[in-house]
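Chemist: dropping a prediction and its sequence here:
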Amino acid sequence: MDRKALEALLNDMSLEEKVMQLVQIPGSEYEAGAEITGIERGQVKDSVKRLAGSTLGIWGSKRLKKIQEKYIMEHPHHIPLMFMLDVIHGHKTVLPCPLGQGATFDPDAVKKGAEMQAREAATDGVHATFSPMADLCRDARWGRIMESTGEDKLLNSRMASAMVEGYQGDDLKDSSHVAACVKHFAAYGAAEGGRDYNNTELSEHTLREYYLRAYGEAIKKNPVMVMTSFNSINGIPATGNIFLMKKILREEFGFKGVLISDWGAVGEMINHGFAEDQRDAAYKAMLAGVDIDMCSGCYSTCLEELVNTGVVSEKMLDEAVLRVLDMKNDLGLFEDPYRGLDIDAGSIITDESRMLARKAVAASLVLLENRGKTLPLRNEKNAFIGPYANTKRLQSSWAFSGNDENTVTVWEAAMEAYELEYIKVAVGCTMLDQDTVTARGIRHVDHWQEENSKLLEEAVQAAEWADTVILCLGEDSTQSGEATSKASIKLPEIQLKLLGEIKKTGKRIVTLVFTGRPLELNEVRELSDALMICWLPGTEGGHGVVDVLTGKVSPSGRLPVSFPYTVGQEPLHYDMYPTGRPKPENGPSAFTSRYLDCENGALYPFGYGLSYTSFEYTDLKLSAQSMSASETITASVTVRNTGDIKGCETVQLYIRDVTGSRVRPIRELAGFKKISLEPGMEEEVSFVINEEMLRFWTAEEKWESEAGKFRVWICNNSCSGQPLEFQLV
Ligand code: NOJ
């Protein structure tokens, strides 16, 4: 449909029809048995159902076709309904959770993954996904850290941009793509105390410098949608925040697409104490420029009256409606309202998508310890023990359209890789302690004690038989994701007990940790010979993990987030500001900025991860000692594979602006490259440094660089390497 026709359509619509384009209701309203939770069915009036512009949470060609046919027939202007879904790390083929994808440090692979997700979802009738989540996360207590790609603004920017490109492709009309939605705008990851939905207090400079960066970069890739966040920022809920939505998002970032609220967030402004009632909430959201009200009912109940009484202008309404109609038009829905609804192709997992997921898993694993070269596993007797050894529940709580049935467990993959007489499996213990509170309620297991005694006995027997125990531990998938904040980030007690008992057998222990958040692993590392983070790896989890255990693939994942010694260090991130009393590396540290009972930094820092081979960095150099704003400097290093097997290395560039009108972090990631090297081979890796990379939000409230001294590291994690210096003149 051309622009004129679209505008003519808008002019012909009744006020009610227009308002309803801005209303999103749960898919469960259209169909009994739709798989969506969190809202009672049957709360939405029939008149709203008939006209609501979009729905969420349902998929499947046959189901959606039926709904679309009826909807279009009943709609006065036959405007198609839009179907949206949280395709976060996979639709049918589920990839590692986003934090695991962050660990790959490989935006190209992440883009391919997003293309695959889009293809599967689009051929299952989905028009838009609520992804990527570009929230910066520095707090392991916040369960949604699992849905982010980590603590660093550059890594997050690259990953969120890659996802937008992958989901949307070059042409949205192409029915193997879906619209992307950058969320949660803004600073949702900075919830105070790591408690979900909580307020955030951030200075404008911290907001701009860190929290807004990845959204801004992803928006340059033209995502169709942006979602507001639940939290308030400096006292103003994001969903009614004119500074954020109008000044930053629309004016500065130039976002032209559809702004959608998070679920119920318009109405939640009443709880926040920012809006008096539904009418006031609808008004304040409109004023901030929120186009679609996701499921709060405020727009459907109050917006028509607000326009009729002139409180909200019809012009403002029309602009919002036009953005929604534009989105439908860009998706080609006016020409083909049944796009993607012909065949149930989305439910089919192909060998190709499995292979892509398998590689993604292997690339996401982060090897933290490998004493005495415990890994790769030797051809000896290996016992796979623990609640993650043979579970199909390897997807996160945000992969609800993926089916556990399709998942390959670690044990299933081990049986493919090893002769059966050399391997054994034992569950070892329950996943959770008795009566653990999860997002879905309290987990109570009848006869928990007896069951665990039995499981432990079997596990100890298996360990005694084995030479090496592969202990598969972790958080349950319901312990990370939305509404899963935790004040303790240890493994469940029962799993730690299992580890302790297995240790008593004296066998080599490889501990695999499946998790959606950083955990306290000090105790675990002491008892393990090798330690590897496996995240929540998805459909091909077992294969990807076993590919690394066997040595078919050398681990190359790097931590996208700091793992603390203790939860008391949270929020923790590597790019800290210096203080006036820095703790000396050696020597007395009384009255310096430190903890009395813990290190300042992470147990395992951002960017850290081991390989089965070793790499040597030599000949670090800068092409010049100084540069002007119009010049560049090339920083380079030679990286050599000094081991005897092939491996991938993630070469990281960090920069520090030594003195500024505002203090600058002790170092910041400024670039990264992943290279693959055969044994004995070397490669020169270089990064071009330009003036733009040196800009920050100065004391004058401008994005500018300031002349002076800069330090540069090229190294293998955020705490390693020796710097060189140059001057910006
Ligand atoms: C709430 C979550 O915060 C958001 O991330 C998600 O996209 C929406 N619900 C829709 O399910």
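Modeler: Good, I have the coordinates.

Chemist: contact partners of stretch 424-435?
Modeler: With contact meaning C-beta atoms under 8 Å, 6 or more residues apart in numbering, stretch 424-435 is reached by 381-391, 411, 414, 438, 442-445, 448-449, 451-452, 455-456, 458-459, 461-462, 465-466, 471, 476, 492-495, 497-498, 502. All C-beta spots, glycine's among them, are computed from the backbone N, C-alpha and C.

Chemist: with only the CA atoms kept, save that stretch in PDB.
Modeler: C-alpha atoms of stretch 424-435 as PDB (Å, rounded to 0.1, in the frame of the first residue of the first chain):
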ATOM      1  CA  LYS A 424      28.000 -44.000  33.300                       C
ATOM      2  CA  VAL A 425      25.300 -41.600  34.300                       C
ATOM      3  CA  ALA A 426      23.800 -40.700  37.700                       C
ATOM      4  CA  VAL A 427      21.400 -37.900  38.600                       C
ATOM      5  CA  GLY A 428      23.200 -37.400  42.000                       C
ATOM      6  CA  CYS A 429      20.700 -35.100  43.600                       C
ATOM      7  CA  THR A 430      17.600 -33.000  42.900                       C
ATOM      8  CA  MET A 431      18.000 -29.800  41.000                       C
ATOM      9  CA  LEU A 432      16.800 -27.700  43.800                       C
ATOM     10  CA  ASP A 433      16.800 -27.600  47.600                       C
ATOM     11  CA  GLN A 434      13.600 -28.500  49.300                       C
ATOM     12  CA  ASP A 435      11.000 -25.700  49.000                       C
END
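
Chemist: how many residues are close by the residue of the stretch 1-150 of the chain at minimum distance from the ligand?
Modeler: Shortest the stretch 1-150 of the chain-to-the ligand distance, computed as C-beta to the nearest ligand atom: residue-wise this is residue 130, at 3.3 Å. Counted by other C-beta atoms under 10 Å, the residues lying close to residue 130 total 25.

Chemist: list the contacts for it?
Modeler: 56, 84, 85, 86, 87, 88, 181, 183, 227.

Chemist: quick check on the third one: phi, psi?
Modeler: What it means is residue 85. Dihedral angles of residue 85 (phi, psi; degrees, to the nearest 10) stand at phi -150, psi 150.

Chemist: for residue 626, same thing?
Modeler: Dihedral angles of residue 626 (phi, psi; degrees, to the nearest 10) stand at phi -150, psi 160.

Chemist: burial count for it?
Modeler: Neighbours of residue 626 using other C-beta under 10 Å come to 15.

Chemist: which element is the closest residue to it other than its chain neighbours on?
Modeler: Using C-beta to C-beta, 6 or more residues apart in numbering and skipping residues adjacent in sequence, the residue nearest residue 626 is residue 727, 4.1 Å away. Assessed by DSSP states H and E, residue 727 sits inside strand 724-728.

Chemist: neighbouring strands - and their directions - for that strand?
Modeler: strand 626-627 (parallel), strand 708-715 (antiparallel) (DSSP bridges).

Chemist: low-confidence ranges, the stretch 101-250 of the chain, go.
Modeler: Within the stretch 101-250 of the chain, no range satisfies pLDDT under 70.

Chemist: spell out which parts of the chain neighbour the ligand.
Modeler: By C-beta under 6 Å from any ligand atom, the residues of the chain that approach the ligand are 56, 86, 130, 183, 262, 263, 482.

Chemist: got these as TSV, with secondary structure columns?
Modeler: Listed next are the residues of the chain next to the ligand as TSV, based on DSSP: H, G, I helix; E, B strand; the rest coil:
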residue	secondary structure
56	strand
86	coil
130	coil
183	strand
262	coil
263	coil
482	coil
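
Chemist: and stretch 465-477, what's buried?
Modeler: Within stretch 465-477, the residues that count as buried by 16 or more other C-beta atoms under 10 Å are 466, 468, 469, 470, 471, 472, 473, 474, 475, 476, 477.

Chemist: stretch 324-343 too?
Modeler: Going by neighbour count (16+ other C-beta under 10 Å), the buried part of stretch 324-343 is 324-329, 331-334, 337-341.

Chemist: among these, which pair sits farthest apart?
Modeler: 326 and 341 (21.6 Å; C-beta to C-beta).

Chemist: so what's the residue nearest to residue 626 scoring on pLDDT?
Modeler: The model reports residue 727 with a pLDDT of 98.

Chemist: next up, the contacts around the residue nearest to residue 502 when sequence neighbours are not counted.
Modeler: Spatial nearest neighbour of residue 502, chain neighbours left out: residue 463 (5.0 Å); criterion: C-beta to C-beta, 6+ apart. Contact analysis of residue 463 by C-beta under 8 Å, 6+ apart lists 383, 385, 469, 502, 505, 507.

Chemist: so which of those comes closest to residue 69?
Modeler: residue 385 (52.5 Å).

Chemist: can you list contacts of the host helix or strand of residue 99?
Modeler: Using DSSP H and E, residue 99 sits within helix 98-103. For helix 98-103, the surrounding residues in contact (C-beta under 8 Å, 6+ apart) are 88-89, 95-96, 110, 113, 132-133, 145-150, 155-156, 159, 360-361, 363-366, 516-517, 533-537, 557-561, 609.

Chemist: for residue 84, name its beta-bridge partners.
Modeler: Assigned bridge partners for residue 84, using DSSP bridges, are residue 56, residue 128.
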